[in-house]
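Here is the input, now give the coordinates:
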Amino acid sequence: MAAALVGSAAFYFYCQNHCLQVSRPVLDLGLDAPLRVLHLSDLHSASFGRGGRALYQMAVQLEPQLICITGDWIDAKDSAWRRTADALIQLTAVAPVVFVPGNHEHRSGRWPQIRPYLERGGVQVLCDDLLTLHTAVGPVSLLGLDERRGVTYGQYLSRRGGPAPDPYSQLFAALAQRPGPRLLLTHYPEQFCQKGGGGHSRHSFSLQLSGHAHGGQIRFPFPQGLIAPGQGLFPRYTAGLFTCRGQRLPSGSRPHGPALLVSRGLGNSFFPLRVQNRPEVILLTLR
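Reported below is the predicted structural model:
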């Protein structure tokens with residue numbers, strides 16, 4: 001009996017940390033034809049099959065028209081980073097891949113080598129850059145932010161005693177003029193909606209894709225997770241869709257203003273365990 005319980009617990013925790021789970025949110029943007037976007041984040045150099053084969057095969061089966069990766073694919077401690085980068089590059093055979101870095105790519109000290117390696121492999125790397133892609137269902141415009149040097153709106157207020165210029169305002173203004181659904185890719189979900197009227201949600205775009213929170217690590221009995229980097233204990237933005245006011249957005253809804261989609265991520269970093277929080281692959285349908 002005891003052996004069975006131990007075996008069951010071991011199997012549970014193995015699945016919680018190694019078995020991929022597909023989420024299929026839908027967002028109504030009033031498009032003429034649906035656009036399937038695969039959103040991946042926070043691999044942290046984990047291996048799903050040899051050379052990332054299991055992840056690649058899942059991507060093939062899901063048939064996305066665009067793949068967006070929101071940082072921390074390569075862990076800061078990964079000295080064999082090319083192997084992990086190759087697992088990302090192979091996804092370009094499935095659909096166009098757009099990537100923004102997270103804190104771990106920068107913390108590794110290898111970002112000056114990682115970025116050109118990915119770009120030579122066909123990955124579109126956006127660091128405070130705009131891109132318009134022409135897909136089978138029409139154009140889609142993306143802004144990718146590299147926020148490693150950024151500070152929050154609240155920090156501006158506390159440091160300067162009043163409102164300060166948004167360091168990305170010109171990029172957001174340019175994005176607002178681009179055709180099709182307008183997607184913001186940035187690693188940090190906590191930058192979406194902030195106290196004092198700040199955050200990216202005050203700009204004009206369709207949807208922000210982010211990761212970083214790792215689903216809050218432990219999601220039982222904490223529905224939004226126990227802890228997340230950048231948000232601390234009992235965080236808000238750990239998984240799923242949110243409105244520009246920071247409220248939950250049901251799948252299939254049409255948002256009034258920008259929306260946020262947070263990935264639970266694929267791997268672990270500072271906390272090596274997930275509970276009720278399996279590695280997540282998101283197939284988002286924009287319609």
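
alpha carbons only for contacts and neighbour counts from here, please
Noted.

how about stretch 134-145: buried residues?
The neighbour-count check on stretch 134-145 (16 or more other Cα atoms under 10 Å) flags 140-145 as buried.

actually stretch 47-61, sorry about that
Applying 16+ other Cα under 10 Å to stretch 47-61 flags 47-48, 51-52, 55-56, 59 as buried.

just to revisit the earlier point, of the buried residues of stretch 134-145, just say which sits nearest to Arg83.
The closest of the buried residues of stretch 134-145 to Arg83 turns out to be Gly144 (Cα to Cα; 24.0 Å).

how about the closest one, what does it touch?
Counting by Cα atoms under 8 Å, 6 or more residues apart in numbering, Gly144 makes contact with 99-100, 126-130, 184-186.

low pLDDT regions in the stretch 51-200 of the chain?
Judged by pLDDT under 70, the stretch 51-200 of the chain has its weakly predicted residues at 148-165, 196-197.

Could you pull out the helices in it for me?
53-62, 81-89, 103-107, 111-120, 153-160, 169-175 (DSSP state H, counting those that start in this stretch).

Now do the buried residues in the third one.
Put plainly, it is helix 103-107. In helix 103-107, counting by 16+ other Cα under 10 Å, buried: 103-106.

Please apply the same query to the fourth one.
Within helix 111-120, the residues that qualify as buried by neighbour count (16+ other Cα under 10 Å) are 111, 114-115, 117-118.

got the angle between it and helix 81-89?
40 degrees (axes from the mean of the first three to the mean of the last three Cα atoms, to 10 degrees).

Would you convert the buried residues of helix 111-120 into TSV that also reports distance to Gly198?
Listed next are those as TSV, based on distance: Cα to Cα, whole Å:
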residue	distance to Gly198
Trp111	29
Ile114	32
Arg115	30
Tyr117	35
Leu118	33
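
What score does Cys244 have for pLDDT?
Here, the pLDDT recorded for Cys244 equals 89.

how close does it sit to His200?
Going from Cys244 to His200 by Cα to Cα, to the nearest Å gives 9 Å.

And Asp75, by the same measure?
26 Å.

still on that earlier bit, out of the buried residues of stretch 47-61, who's nearest Gly211?
The nearest one, if we look at those relative to Gly211 and count by Cα to Cα, is Leu55, at 17.3 Å.

Tell me how far that closest one lies from Pro235.
Per Cα to Cα, Leu55 is found 28 Å from Pro235.

now swap in Tyr56 and tell me
31 Å.

Make TSV out of the helices of the stretch 51-200 of the chain and add distance to Ala33.
Formatted as TSV, the helices of the stretch 51-200 of the chain follow (distance: least, Cα to Cα, whole Å):
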stretch	distance to Ala33
helix 53-62	17
helix 81-89	27
helix 103-107	35
helix 111-120	30
helix 153-160	36
helix 169-175	21
